[in-house]
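> structure of the sequence below:
(chains A and B)
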Number of protein chains: 2
Amino acid sequence: MNRRSFLAAGIATGFVGHAAADEPAPRLTRAEIPTPGLIVDLDRFEANLRTMADHCRRAGCGFRPHAKTHKCPEIARRQVASGALGVCVATVPEAEAMVAGGIRGVLLTSPVADRGKAERVAALARTEGQVMAALDSTRGADLLDAAARAISVRLDVLVDLDVGSRRTGITPGPPAVELAQHVTRYRNLRFRGLQGYAGHASHTTGFAERSRVSRESMARAVETKDLLTRAGIEVAILSGGSTGTYNIDPTIAGVTELQVGSYIFMDVEYRRIGGQSGAVYTDFQPSLMVVTTVVSATHADRVTVDAGTKAFATDVPDRPEAVGRPGVTYQRAGDEFGILRVTGDATLPRLGERIEFLVPHCDPTVNLYDRIYAVRGERVEAIWPVAARRETTR
Amino acid sequence: MNRRSFLAAGIATGFVGHAAADEPAPRLTRAEIPTPGLIVDLDRFEANLRTMADHCRRAGCGFRPHAKTHKCPEIARRQVASGALGVCVATVPEAEAMVAGGIRGVLLTSPVADRGKAERVAALARTEGQVMAALDSTRGADLLDAAARAISVRLDVLVDLDVGSRRTGITPGPPAVELAQHVTRYRNLRFRGLQGYAGHASHTTGFAERSRVSRESMARAVETKDLLTRAGIEVAILSGGSTGTYNIDPTIAGVTELQVGSYIFMDVEYRRIGGQSGAVYTDFQPSLMVVTTVVSATHADRVTVDAGTKAFATDVPDRPEAVGRPGVTYQRAGDEFGILRVTGDATLPRLGERIEFLVPHCDPTVNLYDRIYAVRGERVEAIWPVAARRETTR
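Model prediction:
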């Protein structure tokens, strides 16, 4: 049995995604991963897990990492093992995949506004402590309460605040207090606290300015928390923050947990927001890469790799960065191709050569892949299914 | 059993994707499709199939539609039933999925440059007439020949020409002739002809200019074909063209078949290239839509739908267009959300309302979904798996 057929047999027998420490690792080397392929460097990934966990422990702040970044129960399990309270999810299928993967403490951060989704959320609440849902309207509360009542469960909910993104969430202050008071009157909902996600703060360039924007945003959430507490409503949770503000938000009194997502992988976009010292954000190490092959080399000024807009998400202006190949630039050229050119003294890669790239934006790039190859040096230690990429787990 | 659990049972028992005329249809209405969901309007889709097939028959030109657009064997089968010669594919996993789905005449239009991929292509050639592969280098020919020889098959190949895209393909004229002559000397390859894909022509705005660019590009392919014929090498196939040039390329003597892709779905980008008469390209009907739900409505000037950059591909500047809602504009707001605003007299959609959108670019948008809901009016007739979205079928 050669290496590829061994791997294929592993996939067929369900080996993929169940590579625990005691199981045999796939006999595949980094150089044999089919391209375009998504790779996580385990040494860097594990260092990122530790950095965040250590930081939150020292800061006395909880963290419930956002699984929208990876959609992968294998990764969620490692985050929980590092000390996380559970995971956040952005969609109901993500919640279902995480629960199916054995994760507890799943917070759905997006509001639902239809009966079908509300029923699916309620179904996940059959086990106590398994799921919480954010809501920002009485209609959302009505739907969740009805779905929970129909199957006799009680669903934990947070009120989602608009702290400046103007995307979801109710206005902080009196409108939010009124909604929270309303929520406490439903028999099958249990009000647990508030969510304030300052998406506009997370990617603000420069630490000082990012700190100012995040403090200003979260102050509105803290004020709402205080109003509720004075009204006699316990706010057990105030969830907010991001990888960009992980060292800002825990210093804001009242914030109880962080929704950090990208810290495990990093990406070109996040690296350029800058850190506390320096123009590159180096608190976390770039661990996520796409490996490609040069498949065409018929011109003197360029070669073509097998990775285009179906291999790298295109939602941000940043381009993929060739790892260890300074002077090599990438330009997308359709769904399946990218064109590499060189500047300065750099030499063009050769036909058949494999080139790895940091990705422009991690979350939507992972969403393009079925599996993540977890590598340590030249060895592939495991293949993790991006299970929640599927629209439903049922 | 309610409608959703009936559907779930269907999925579990393999019903999904095998909805033939004689099988029961899923008891799901258009209004019950989970959002964001990908919808194809069957009446329009079938009209597009007929329009292309009728046109090619009248023009005396073959067509081998590009399955990179849909990655869906169910759709490929319908294209073949309409008269197509087979399908084109852009990746080896697509080729494997199409062959597994019973499609013959699969043309891999991208060059391969590593041994693993070459072996997978050769494996598909075990059945005569099942697969052809384009190549643009002697290295590619070496790899394919070695892989074919190892399992004692003969692989049909085309030489890929760079007719102006500068992305893949060898230079037409003498370099291409030399490569084709070289290919004829391999024992396990069979030279079948040429491929010339003028990607830069397909989206040229305005029929006259598009016609000029495509004729200029394809002339270089026809010239190469003539040189080979004069050298005593039979060129059975000259494959080129696109949905944008389907009524241009068949009139170019020497072109034998078209690689049309988007015609089945259409998208916002293609509609604005203009037709033979008029600024909107209306030869084919927009059949592909994403259905969304308004999940947040906490501001007077906007509402938020549950479809962002993981629901609509972002590789082109065009935005999703709300169907039947003039004056409603979409702006993406992160991975899972889009913000709707209104202009003029239009009114904002309400919380919980479902809004369907035409997609900016069909191919990479389909790639974001696991399944396509095939609808006729309010009825969901079938659910088609986007099978080749997986990285491998093994």
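> A:Leu108 against A:Glu96, yeah?
No: contact criterion C-beta atoms under 8 Å: A:Leu108 and A:Glu96 do not qualify, at 10.3 Å. (Each C-beta comes from the backbone N, C-alpha and C, glycine too.)
> neighbour count: those two, which is higher?
Neighbour totals were compared for A:Leu108 and A:Glu96, and A:Leu108 leads with 26 against 23 (other C-beta atoms under 10 Å in any protein chain shown).
> in terms of pLDDT, where does the more buried one sit?
pLDDT recorded at A:Leu108 is 98.
> so which bits of the stretch 151-300 of chain A are right by chain B?
A:162, A:165-171, A:199, A:293-299 (C-beta under 8 Å from any C-beta of the partner chain).
> by neighbour count, which of those residues wins?
Neighbour-wise, these (other C-beta under 10 Å) top out at A:Thr168, 29 neighbours.
> quick one: the closest residue to that residue other than its chain neighbours and A:Ser277, what's the gap?
Leaving out its chain neighbours, the residue that sits closest to A:Thr168 by C-beta to C-beta, 6 or more residues apart in numbering or on different chains is B:Ser296, at 4.1 Å. Distance of B:Ser296 to A:Ser277, given as C-beta to C-beta, to the nearest Å: 38 Å.
> quick check: A:Leu238 touching A:Arg192?
No: contact criterion C-beta under 8 Å: A:Leu238 and A:Arg192 do not qualify, at 10.2 Å.
> thinking again about what came up before, surely the residue nearest to A:Thr168 meets A:Ala134?
No: B:Ser296 lies out of contact with A:Ala134 (C-beta under 8 Å); the separation is 10.3 Å.
> pull the distance from the helix or strand where A:Ile75 lies to the chain's centre.
Taking DSSP states H and E as the criterion, A:Ile75 maps to helix A:73-81. Put simply, helix A:73-81 sits 12 Å off its chain's centre (C-alpha atoms, centre = their mean, to the nearest Å).
> equivalent analysis for stretch A:102-111, please.
A distance of 12 Å separates the centroid of the chain from that of stretch A:102-111, by C-alpha atoms, centre = their mean.
> using PDB, list the CA coordinates for it.
What follows is stretch A:102-111, C-alpha atoms only, in PDB (Å, rounded to 0.1, in the frame of the first residue of the first chain):
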ATOM      1  CA  GLY A 102     -18.500  17.100  22.000                       C
ATOM      2  CA  ILE A 103     -18.000  20.800  22.700                       C
ATOM      3  CA  ARG A 104     -20.100  22.400  25.500                       C
ATOM      4  CA  GLY A 105     -20.600  26.100  26.200                       C
ATOM      5  CA  VAL A 106     -21.400  26.900  22.600                       C
ATOM      6  CA  LEU A 107     -22.500  30.600  22.200                       C
ATOM      7  CA  LEU A 108     -24.400  31.400  19.000                       C
ATOM      8  CA  THR A 109     -23.400  35.100  18.500                       C
ATOM      9  CA  SER A 110     -25.800  35.800  15.600                       C
ATOM     10  CA  PRO A 111     -29.500  36.500  16.100                       C
END
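> mind listing what's buried along the helix or strand containing A:Ala47?
If you go by DSSP H and E, A:Ala47 is part of helix A:42-59. Residues of helix A:42-59 classed as buried by neighbour count (16 or more other C-beta atoms under 10 Å in any protein chain shown): A:Leu42, A:Arg44, A:Phe45, A:Glu46, A:Asn48, A:Leu49, A:Thr51, A:Met52, A:Ala53, A:His55, A:Cys56, A:Ala59.
> show residues contacting that helix.
With C-beta atoms under 8 Å, 6 or more residues apart in numbering or on different chains as the test, helix A:42-59 has contacts from A:62-63, A:65, A:78-79, A:82-84, A:246-247, A:250-251, A:258, A:260, A:263-266, A:283-287, A:374-376, A:381.
> helix or strand right after that helix?
Using DSSP H and E, the first helix or strand after helix A:42-59 is strand A:62-63.
> how about the residues of the stretch 1-150 of chain A by chain B?
Residues of the stretch 1-150 of chain A lying close to chain B by C-beta under 8 Å from any C-beta are A:4, A:8, A:11-12, A:32, A:34-35, A:37, A:68, A:90-92, A:110-114, A:116-117, A:119, A:136-137, A:139.
> in strands only, show me the residues you listed.
Mapping those onto strands (DSSP state E) picks out A:Gly37.
> out of the residues of the stretch 1-150 of chain A next to chain B, which end up buried?
The neighbour count (16+ other C-beta under 10 Å) marks A:4, A:11, A:32, A:34-35, A:37, A:68, A:90-92, A:110-114, A:116-117, A:119, A:136-137, A:139 as buried among the residues of the stretch 1-150 of chain A next to chain B.
> among the residues of the stretch 151-300 of chain A next to chain B, find the lowest-pLDDT one for me.
Among these, A:Gly199 has the lowest pLDDT, at 86.
> distance of it relative to A:Thr243?
Separation of A:Gly199 from A:Thr243 (C-beta to C-beta): 12 Å.
> A:Leu155 now?
According to C-beta to C-beta, A:Leu155 and A:Thr243 sit 28 Å apart.
> out of the two, which sits in the more crowded spot?
The neighbour count for A:Leu155 versus A:Thr243, taken as other C-beta under 10 Å, is higher for A:Thr243 (29 against 24).
> got the buried residues of helix A:42-59 as JSON lines, with distance to A:Cys72 columns?
Below are these laid out as JSON lines (distance: C-beta to C-beta, whole Å):
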{"residue": "A:Leu42", "distance to A:Cys72": "14"}
{"residue": "A:Arg44", "distance to A:Cys72": "16"}
{"residue": "A:Phe45", "distance to A:Cys72": "11"}
{"residue": "A:Glu46", "distance to A:Cys72": "15"}
{"residue": "A:Asn48", "distance to A:Cys72": "15"}
{"residue": "A:Leu49", "distance to A:Cys72": "13"}
{"residue": "A:Thr51", "distance to A:Cys72": "19"}
{"residue": "A:Met52", "distance to A:Cys72": "17"}
{"residue": "A:Ala53", "distance to A:Cys72": "18"}
{"residue": "A:His55", "distance to A:Cys72": "22"}
{"residue": "A:Cys56", "distance to A:Cys72": "21"}
{"residue": "A:Ala59", "distance to A:Cys72": "26"}
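> how long is stretch A:33-40 end to end?
Stretch A:33-40 has its terminal residues 12 Å apart, counting by C-alpha to C-alpha, to the nearest Å.
> can you map out the helices along the stretch 201-350 of chain A?
Under the criterion DSSP state H, counting those that start in this stretch, the stretch 201-350 of chain A contains helices at A:207-230, A:268-271.
> hey, which of the ones you listed is tucked in deepest?
Among the helices of the stretch 201-350 of chain A, ranked by average contacts under mean count of other C-beta atoms under 10 Å in any protein chain shown, first place goes to helix A:268-271 (a mean of 20).
> surely A:Leu258 meets A:Cys61?
Yes: with contact defined as C-beta under 8 Å, A:Leu258 reaches A:Cys61; the gap is 6.3 Å.
> what touches both of those two?
Common neighbours of A:Leu258 and A:Cys61, using C-beta under 8 Å, 6+ apart, are A:Asp249, A:Pro250.
> out of these two, which sits in the busier spot?
Neighbour count, other C-beta under 10 Å: between A:Leu258 and A:Cys61, A:Leu258 has more, with 29 against 18.
> ok, the more buried one to chain B distance?
18 Å (C-beta to the nearest C-beta, to the nearest Å).
> list the residues that contact that residue.
Residues in contact with A:Leu258 (C-beta under 8 Å, 6+ apart) are A:Cys56, A:Cys61, A:Gly62, A:Phe63, A:Arg64, A:Ser239, A:Gly240, A:Gly241, A:Ser242, A:Tyr246, A:Asp249, A:Pro250.
> any idea how far chain B is from the residue lying closest to the third one once chain neighbours are set aside?
Meaning A:Gly62. With C-beta to C-beta, 6+ apart as the criterion, A:Gly62 has its nearest non-adjacent residue at 3.6 Å, and that residue is A:Glu257. Applying C-beta to the nearest C-beta, the value for A:Glu257 to chain B is 20 Å.
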